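Chemist: pasting the structure only:
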């Protein structure tokens, strides 16, 4: 079941990425998935967007820790390669790079960016968006710049916008 985001956003996909229905590509619980068909060599690199309203007292580090625990439960071994807090006090964020071992023969890298946004309808509520790149270690150099471009394109949608995304 596809999940809706807690806030409306606009974004652009880098060249070479294609939107895919989350349920059809095994990504239930996310609002958006894009695949990089050019990288499909045993694993197709993918971008996902998910988000939810979070309690204001939860720190971004708490949210990032939750993600590591959730992945470890689902995949097995997860280690944090790098974590950096970003943003400001009023709009905090965090980025982390995770190394994931799935079973005994699959290694993945996940780059996660958590962005805090205020709900335009209720400024006291905080939405946290999760922007994620998942790829193999060999694919990382090829797709990381695309992920950075994708993250830079994400912005709050105008209140009169008719769509949740602009996937050019």
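Modeler: On my side now, so go ahead. Since the model is a prediction, treat every value here as computed from it, not as a measurement.

Chemist: and the residue most central in space within the chain, what are its phi and psi?
Modeler: Taking C-alpha atoms, centre = their mean, the centroid of the chain lies closest to residue 131, which sits 1.9 Å from it. Main-chain torsions, residue 131, degrees, to the nearest 10: phi -110, psi 120.

Chemist: the bottom helix or strand of the protein by mean pLDDT?
Modeler: Ranked by mean pLDDT, DSSP states H and E, the weakest helix or strand in the chain is strand 155-156, scoring a mean of 88.

Chemist: what sits up against that one?
Modeler: Strand 155-156 is contacted from outside by 7-11, 117, 120, using C-beta atoms under 8 Å, 6 or more residues apart in numbering. C-beta: built from backbone N, CA, C; applies to glycine.

Chemist: residues in contact with stretch 102-111?
Modeler: Taking C-beta under 8 Å, 6+ apart as the rule, stretch 102-111 contacts 43, 71, 75-76, 81, 95-101, 132-137, 140, 144, 147.

Chemist: now do that stretch: distance from first to last residue.
Modeler: End-to-end span of stretch 102-111 (C-alpha to C-alpha, to the nearest Å): 16 Å.
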